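Colleague: just coords:
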């Protein structure tokens, strides 16, 4: 059985959790609370010296990095082929997005959350307006590329059905909601894509994001 170590406030962890749930892959879940520094304990460090989540264990095999974990799960378990297609060109399009993802969708959506939520909590200081404005500008440029390149003439990022690319992307773009910020608010094309992704993921999407929704509700209550 698969065992995963996750913190559902982490975007990549949510992607792994949703994939397991959506595809009914038998697994056990070990919560590693980053806010409590549980990723820095000797036990967890032995498992993953990089002190990061997610981590997967399967029959003695340990794997880190969400991209690698998701592709391993899609390859080694009986899941619908659309997630990570076997056809070379369709698979390459998923790999193209996931290679781009780390320094674009992930980096820029995470920065907004870091500057607006994490840094003020960690330092006790208010959000730095200049840093937040720069992060939002970078995110807007990434959203432009998602629309113009990846969603140009198709329903999902890599074709006509949901793939690992969509799962990784939606979890990142949800993260600024923790500050009460909907980054897709004025982008109907991305909103329609988001609705299609959420519909495909069904109840597992909201289950994975329940902690983030609580942060959103607290943030909006202060406005």
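Modeller: Looks like it arrived, so ask away. Just so you know, these numbers come straight off a predicted model, no measurement behind them. Numbering: from 1, shown residues only.

Colleague: Please pull out the lowest mean pLDDT helix or strand from this protein.
Modeller: When the helices and strands of the chain are scored by mean pLDDT, DSSP states H and E, helix 119-123 comes last with a mean of 84.

Colleague: Next secondary structure element downstream of that one?
Modeller: As assigned by DSSP states H and E, the chain's next helix or strand after helix 119-123 is helix 129-145.

Colleague: Would you mind identifying the next helix or strand past that next one?
Modeller: Following helix 129-145 toward the C-terminus (DSSP H and E): helix 164-174.

Colleague: Could you give the average pLDDT over that following helix?
Modeller: The average pLDDT within helix 164-174 is 98.

Colleague: just checking, what packs against the following helix or strand past it?
Modeller: Toward the C-terminus, helix 164-174 is succeeded by helix 188-201 as the next helix or strand (DSSP H and E). The contact analysis (3 or more C-beta pairs under 8 Å, 6 or more residues apart in numbering; DSSP states H and E) places helix 188-201 against helix 164-174. (Glycine included, C-beta is placed from N, CA and C.)

Colleague: which secondary structure elements does the helix it packs on contact?
Modeller: If you count contacts as 3+ C-beta pairs under 8 Å, 6+ apart, helix 164-174 packs onto helix 11-22, helix 66-76, helix 88-101, helix 107-113, helix 188-201.

Colleague: which of the ones you listed is buried the deepest?
Modeller: helix 11-22 (a mean of 24; mean count of other C-beta atoms under 10 Å).

Colleague: Apart from its chain neighbours, what residue comes closest to residue 55?
Modeller: Leaving out its chain neighbours, the residue that sits closest to residue 55 by C-beta to C-beta, 6 or more residues apart in numbering is residue 5, at 4.3 Å.

Colleague: Ignore what I typed, I meant residue 178.
Modeller: Using C-beta to C-beta, 6+ apart, the nearest residue to residue 178 is residue 215, at 4.0 Å.

Colleague: Kindly report the same for residue 51.
Modeller: Among residues not flanking residue 51 along the chain, residue 39 sits closest, at 4.8 Å (C-beta to C-beta, 6+ apart).

Colleague: With residue 66 instead?
Modeller: residue 12 is the one closest to residue 66 (C-beta to C-beta, 6+ apart), at 3.4 Å.

Colleague: Pull the contacting residues for that neighbour.
Modeller: For residue 12, the contact set (C-beta atoms under 8 Å, 6 or more residues apart in numbering) comprises 53-54, 66-67, 106, 168, 171.

Colleague: if I look at it, how far off is residue 175?
Modeller: Taking C-beta to C-beta, to the nearest Å as the measure, residue 12 falls 10 Å from residue 175.

Colleague: for residue 164, what are its contacts?
Modeller: The contact partners of residue 164, by C-beta under 8 Å, 6+ apart, come to 19, 67, 70-71, 74, 83-84, 94, 98.

Colleague: What's the separation between it and residue 95?
Modeller: As for residue 164, its distance to residue 95 is 9 Å (criterion: C-beta to C-beta).

Colleague: State the distance from the closest residue to residue 110 other than its chain neighbours to residue 104.
Modeller: Leaving aside its chain neighbours, residue 110 sits nearest to residue 175 (6.2 Å; criterion: C-beta to C-beta, 6+ apart). Distance from residue 175 to residue 104, counting by C-beta to C-beta: 14 Å.
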